[in-house]
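**Q** curious how this folds, go ahead:
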Amino acid sequence: MTGSMYLLSAVVVMGVVTLLLRLAPFVVLGRFADHPLARYLGVMMPTGVMVILVVYSLQNVDFLTAPYGAPSLAGVAVTAGLHHWRRNPMLSIVGGTAVYMLLLNLLS
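**A** As a prediction, this is how the structure comes out:
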């Protein structure tokens with residue numbers, strides 16, 4: 001097998017494996033969609049994931065030196081405010097990130 005054919009076959013195999021691995025949870029969990037635990041996790045997980053992301057985002061912020069965490073806190077506040085107002089995840093993410101980056105560059 002030539003070098004280019006070997007690389008092409010490796011890429012095809014990796015692509016198929018990646019596709020199957022991404023499809024597997026939907027196939028397996030589709031059978032349990034009506035289970036009470038699956039419904040409970042579907043309701044509770046988004047909030048839990050968001051709390052973990054906020055804590056992770058703020059864990060290394062130094063609130064004792066200038067700018068005292070202002071860009072991070074403002075970014076979180078704008079993200080939460082936009083999401084509460086419009087219920088649009090893309091708007092919330094882009095708006096919060098823009099405010100965070102703007103304040104980070106202006107205050108640092």
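
**Q** please list all residues in contact with Gly95.
**A** Val78, Thr79, Leu82 (C-beta atoms under 8 Å, 6 or more residues apart in numbering). Yep, even glycine has a C-beta here, placed from its N, CA and C like the rest.

**Q** which of the residues you listed ranks first by neighbour count?
**A** Thr79 (23 neighbours; other C-beta atoms under 10 Å).

**Q** now tabulate the contacts of Gly95 in a markdown table and tack on secondary structure, pLDDT and distance to Leu20.
**A** Below are the contacts of Gly95 laid out as a markdown table (DSSP: H, G, I helix; E, B strand; the rest coil; pLDDT from 0 to 100; distance: C-beta to C-beta, whole Å):
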| residue | secondary structure | pLDDT | distance to Leu20 |
| --- | --- | --- | --- |
| Val78 | helix | 97 | 40 |
| Thr79 | helix | 95 | 35 |
| Leu82 | helix | 96 | 37 |
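
**Q** pick the one among those residues closest to Met14.
**A** Thr79 (35.3 Å; C-beta to C-beta).

**Q** you'd agree that closest one is up against Ser92?
**A** Yes - between Thr79 and Ser92 there is a contact at 5.0 Å, judged by C-beta atoms under 8 Å.

**Q** just give me the closest of the contacts of Gly95 to Val54.
**A** Proximity of these to Val54, judged by C-beta to C-beta, is greatest for Thr79, which lies at 8.9 Å.
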